[in-house]
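Student: Quick one, what's the 3D model for this:
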Amino acid sequence: MRSTGTVLSLALVLLTACTTAATAPTPTTMPSPAAVPLAPGDEAAFAQQRERMVIETIERRGVTDEDVLRAMRAVPRHLFVPEDERNWAYGDFPLPIGYGQTISQPYIVALMTELLELKEGDKVLEIGTGSGYQAAILAEIPGVEVYTIEIVSPLAKRARQQLESLGYTNVHCQEGDGYYGWPEHGPFDAIIVTAAPDHMPQPLAEQLAQGGRMVIPIGPPGGYQTLWKFVKQPDGELQAFNMGGVAFVPLTGEGMKESEEHGFPLP
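Tutor: Predicted structure coming up:
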């Protein structure tokens, strides 16, 4: 793969493990995030917290896409976290969602969504559904169809139920190993990967449409990675943009094990 080098580098804080790993860890008991009804007046309070979150931790840090900002204002993040974490739902940090996994911090969700440059009619693939929050943000972008894959079975089922209960009919969920993507519905105009492989997964590169954008952290497990944006060129090569340093949970699973020596190299 030929890389055209870095054209943009953001001064990102190192982001703690904020997404779902692509392997099933030891299960733990966790109630459904929406299992307990909110008290009267809570929704108004959460709406105020959400607005403050957008202004103070997203807009002020440089996210300007109006569709992304509207989506961050619209999606009730508190419904994608367990009840005992709801008071912290609009802080700019990841939160546990059970099974050793977390929901991403709002800023990184907004940043990665903006980098996808989504437009009406786009079909986007998400690797690592987790709580379903990132999928909901993607689904709020007008005219976008979302396909999302999660390997942890209870999380996959819970996210599907939550997204359906909130009326996201343009989100399609699947349980499985995201390394292989979802070829039946490809090619995709955009792909977002929310766990870090140590190389570009070849199936995902192949399922990216010409002109398509992929946002993915790449680097060694257990360490810091680089957040990359790739744009697929007419000749099939991937133009690479270095977006700065991050720290994500590793992408694992059978796909990673089988292709340690067969993925695309780092830019």
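Student: What's the end-to-end length of stretch 127-139?
Tutor: 15 Å (Cα to Cα, to the nearest Å).
Student: So for it, mean pLDDT?
Tutor: Averaging pLDDT along stretch 127-139 yields 97.
Student: what about that stretch, distance to the chain center?
Tutor: Mean C-alpha position of stretch 127-139 versus that of the full chain (Cα atoms, centre = their mean, to the nearest Å) differs by 6 Å.
Student: for stretch 243-256, same thing?
Tutor: Centre to centre, stretch against its chain (Cα atoms, centre = their mean), the figure for stretch 243-256 is 12 Å.
Student: swap in stretch 177-193?
Tutor: Taking the mean of its C-alpha atoms, stretch 177-193 sits 13 Å from the chain's own mean (Cα atoms, centre = their mean).
Student: Okay, now it: how far is its last residue from its first?
Tutor: Terminal residues of stretch 177-193 lie 12 Å apart, using Cα to Cα.
Student: where do the helices sit along this protein?
Tutor: Ranges of helices within the chain are 42-53, 66-74, 106-115, 133-139, 153-165, 202-207, 254-258, based on DSSP state H.
Student: Switch those over to a markdown table; also include mean neighbour count and distance to G91.
Tutor: Bear in mind the C-beta positions are built from the backbone N, C-alpha and C, glycine included. Shown next, in a markdown table, are the helices of the chain (neighbours: other Cβ atoms under 10 Å; distance: least, Cβ to Cβ, whole Å):
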| stretch | mean neighbour count | distance to G91 |
| --- | --- | --- |
| helix 42-53 | 14 | 8 |
| helix 66-74 | 17 | 14 |
| helix 106-115 | 24 | 8 |
| helix 133-139 | 27 | 14 |
| helix 153-165 | 19 | 20 |
| helix 202-207 | 19 | 31 |
| helix 254-258 | 16 | 31 |
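Student: mean pLDDT lowest for which of the ones you listed?
Tutor: Note on those: lowest mean pLDDT is at helix 254-258, with a mean of 80.
Student: what sits up against that helix?
Tutor: Contact partners of helix 254-258, identified using Cβ atoms under 8 Å, 6 or more residues apart in numbering, comprise 22, 177-180, 197, 201, 203.
Student: To D122, which of the helices of the chain lies closest?
Tutor: helix 133-139 (9.4 Å; Cβ to Cβ).
Student: Point out the other elements, helices or strands, that the closest one touches.
Tutor: Applying 3 or more Cβ pairs under 8 Å, 6 or more residues apart in numbering; DSSP states H and E, we find helix 133-139 packed against helix 66-74, helix 106-115, strand 123-127, strand 145-150, helix 153-165, strand 171-175.
Student: neighbouring strands for the third one, and are they parallel or not?
Tutor: The partner list of strand 123-127 in its sheet, established with DSSP bridges, is strand 145-150 (parallel), strand 188-193 (parallel).
Student: Please verify my assumption that M72 contacts L111.
Tutor: No: under the criterion of Cβ atoms under 8 Å, M72 makes no contact with L111, lying 10.7 Å away.
Student: so how far is stretch 159-176 from its chain's centroid?
Tutor: On the basis of Cα atoms, centre = their mean, stretch 159-176 sits 14 Å off its chain's mean C-alpha point.
Student: Quick check: the residue nearest the centre of the chain vs V152, distance?
Tutor: The centroid of the chain falls nearest to T194 when counting by Cα atoms, centre = their mean (4.4 Å). T194 sits 13 Å away from V152, taking Cβ to Cβ, to the nearest Å as the criterion.
Student: what do you get for S165?
Tutor: For S165, the distance to V152 (Cβ to Cβ) stands at 19 Å.
Student: and what of T169?
Tutor: According to Cβ to Cβ, T169 and V152 sit 24 Å apart.
Student: G62 too?
Tutor: Taking Cβ to Cβ as the measure, G62 falls 32 Å from V152.
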